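coords below, sequence missing:
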């Protein structure tokens, strides 16, 4: 299936917005594992994953065409 | 304007807001809340104005360099609106003081620049049932959320785990356009005015993200997570005992607390950067070299070993250490949190067996 990935903050240095061909287990947690394997440089950056316009939990199911956002917290002020 | 009448304005005047951090985010928040007529504004910041801050903190001018930000900000707000009551906390919010400060305010604004303060603020606000507004910036991006509002989600529901130290650089290390925190600060002030005046608020449980390069705004909703409370200390007393920098993986080896200093047996060369007429007189061997003298390059004493730098309350030591490091690159400088005042208190507490 095709997944739209959007990245933010320090993640964009290692992984830009992209359309991903993904054939693994269709859950948020499995997609995270896949991304960390494919792009080890993002490992030190903690991020939350959103499905469409809401933050998603690990067990949530993803479907073809979904937009998944990787959002780290920021600290600057 | 619709929804804004005398009643809303009166609500503003009778309300109180604590702004934690008077830097890039805090400056626009402070200016607009004061101008709008918020009755009481608390300002907490232990840092001093530096020339390199002013591009993103234009409330200050070069003459303010070296002075405490919260103190200067209160003076400038008075000029802007003499009817606003301000309370200055010229030190950083810590686990020890957070509860006693936050309890006096209706709404808390997080204009801080680090993760430990954000988790501390969150937990104190949860325990005291106070709404707070989160804002933060990174390079050309910013984030905003209204948290713990009417039992809405908290910071821990959004980001349960703090990131590894250094994984997300701050403005000092990565640099930032002044308008980025300025814009996020304005959005935070807008949410604050909506909450205080009783206008509809939609940002609770919603993370707003702004990307300045693309001029794009996005929003994501998030739920209150039933698990989050397990990680908030059970009481304010427990919160006081929580080491938030350690929780965020930051072990600060460049500063020491007064409580630790009086029990540890490390040897330091003590360097007093206060002016010569400031009391208390040190009760230990020390070297006196005031911040003014350090700035102007008068004297150049010989330093060796670990040098513990202190001032009255800790507000002058960051600048002193920054300057000292340039002149003595091989010396290890450590700052005393809370300055000689905190040390004196810690000595008394130790002598009389209080904790």
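Ah, there it is. Because the structure is a prediction, the values reported are computed rather than measured.

all contacts plus neighbour counts: C-alpha atoms, from now on.
Noted.

tell me the contacts of residue B:244?
B:95, B:116, B:117, B:119, B:120 (C-alpha atoms under 8 Å, 6 or more residues apart in numbering or on different chains).

Spatially central residue in the chain, please.
Picked chain A for this. residue A:70 (4.2 Å; C-alpha atoms, centre = their mean).

Near chain A, which residues of chain B? Just list them.
Neighbours of chain A within chain B, by C-alpha under 8 Å from any C-alpha of the partner chain: B:23-26, B:111-115, B:135-139, B:141-143, B:158-159, B:161-164, B:167-171, B:181, B:219-222.

Give me the buried subset of the residues you listed.
The neighbour-count test (16 or more other C-alpha atoms under 10 Å in any protein chain shown) applied to the residues of chain B next to chain A identifies B:23-26, B:111-115, B:135-139, B:141-143, B:158-159, B:161-163, B:167-171, B:181, B:219-222 as buried.

Filter the residues you listed down to the ones in helices?
Counting by DSSP state H, those place B:26, B:115, B:158, B:171, B:181 in helices.

Kindly reformat those as a markdown table and extend each row with pLDDT.
Shown next, in a markdown table, are those (pLDDT from 0 to 100):
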| residue | pLDDT |
| --- | --- |
| B:26 | 98 |
| B:115 | 91 |
| B:158 | 96 |
| B:171 | 53 |
| B:181 | 96 |
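
Name the member of these with the shortest distance to residue B:351.
residue B:115 (34.9 Å; C-alpha to C-alpha).

Which residue is the nearest non-sequential neighbour of the closest one?
Nearest non-adjacent residue to residue B:115, counting by C-alpha to C-alpha, 6 or more residues apart in numbering or on different chains: residue A:75, 6.0 Å away.

again, but for residue A:58
residue A:29 (4.6 Å).

residues touching the one you found, list them.
A:58, A:59, A:60.

which one of the residues you listed is nearest residue B:47?
residue A:58 (39.8 Å).

What residues of the helix or strand of chain A with the lowest mean pLDDT count as buried?
Sorted by mean pLDDT, DSSP states H and E, the helices and strands of chain A end with strand A:18-21, the least confident at a mean of 93. Residues of strand A:18-21 include none that count as buried (16+ other C-alpha under 10 Å).

go on, stretch A:2-17?
Here stretch A:2-17 shows A:3, A:4, A:5, A:6, A:7, A:8, A:9, A:10, A:11, A:15 as buried, counting by 16+ other C-alpha under 10 Å.

what does stretch B:10-17 give?
B:11, B:12, B:13, B:15, B:16, B:17.

As TSV, the residues you listed with secondary structure, distance to residue A:21 and pLDDT would be great.
Formatted as TSV, these follow (DSSP: H, G, I helix; E, B strand; the rest coil; distance: C-alpha to C-alpha, whole Å; pLDDT from 0 to 100):
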residue	secondary structure	distance to residue A:21	pLDDT
B:11	helix	54	95
B:12	helix	52	96
B:13	helix	56	97
B:15	coil	53	98
B:16	strand	52	98
B:17	strand	49	98
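
For the residues you listed, give me CSV that also has distance to residue B:199.
Below are the buried residues of stretch B:10-17 laid out as CSV (distance: C-alpha to C-alpha, whole Å):
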residue, distance to residue B:199
B:11, 11
B:12, 11
B:13, 15
B:15, 14
B:16, 16
B:17, 16
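
ok, back up a step: helix or strand for the residue nearest to the centre of chain A, which one?
For residue A:70, the element it lies in under DSSP states H and E is strand A:67-71.

now for that strand, which elements pack on it?
Applying 3 or more C-alpha pairs under 8 Å, 6 or more residues apart in numbering or on different chains; DSSP states H and E, one finds that strand A:67-71 contacts strand A:2-7, strand A:48-51.

Run me through the strand neighbours of the longest one, direction for each.
It stands for strand A:2-7. strand A:18-21 (antiparallel), strand A:67-71 (parallel) (DSSP bridges).

Check the average confidence over stretch B:291-307, would you?
For stretch B:291-307, mean pLDDT is 87.

now do the same end-to-end measure for it.
End-to-end distance for stretch B:291-307, by C-alpha to C-alpha, to the nearest Å: 15 Å.

domain assignment for chain B?
Domain assignment for chain B by automatic domain parsing gives B:6-247, B:255-351.

hmm, who's touching stretch B:293-300?
B:320, B:323, B:324.

Would you reformat the residues you listed as a markdown table and include pLDDT and distance to residue B:214?
Below are those laid out as a markdown table (pLDDT from 0 to 100; distance: C-alpha to C-alpha, whole Å):
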| residue | pLDDT | distance to residue B:214 |
| --- | --- | --- |
| B:320 | 88 | 40 |
| B:323 | 86 | 39 |
| B:324 | 90 | 41 |
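
most surrounded residue in those residues?
When these are compared by neighbour count (other C-alpha atoms under 10 Å in any protein chain shown), residue B:320 ends up highest, at 23 neighbours.

Phi, psi for residue 28 please.
Using chain A here. phi -60, psi -40 (degrees, to the nearest 10).

Report the contact partners of it.
Counted by C-alpha under 8 Å, 6+ apart, residue A:28 has contacts A:49, A:56, A:57, A:58, A:59, A:60, A:61, A:62.

top of those by neighbour count?
Neighbour max across the contacts of residue A:28 (other C-alpha under 10 Å) = residue A:56, 23 neighbours.

close enough to count as contact, it and residue A:47?
No: between residue A:56 and residue A:47 there is no contact under C-alpha atoms under 8 Å: 11.6 Å.

confidence score at residue B:322?
Looking at residue B:322, the pLDDT reads 82.

likewise the one 10 residues further on?
Residue-level confidence at residue B:332 comes out at 85, pLDDT.

Tell me the bridge partners for it.
Beta-bridge partners, per DSSP bridges, of residue B:332: residue B:306.

Is it correct that it is in contact with residue B:305?
Yes: if you go by C-alpha under 8 Å, residue B:332 and residue B:305 touch, sitting 7.0 Å apart.

The two: which is more packed in?
Neighbours of residue B:332 and residue B:305, each counted by other C-alpha under 10 Å, are more numerous for residue B:332; the result is 16 against 12.
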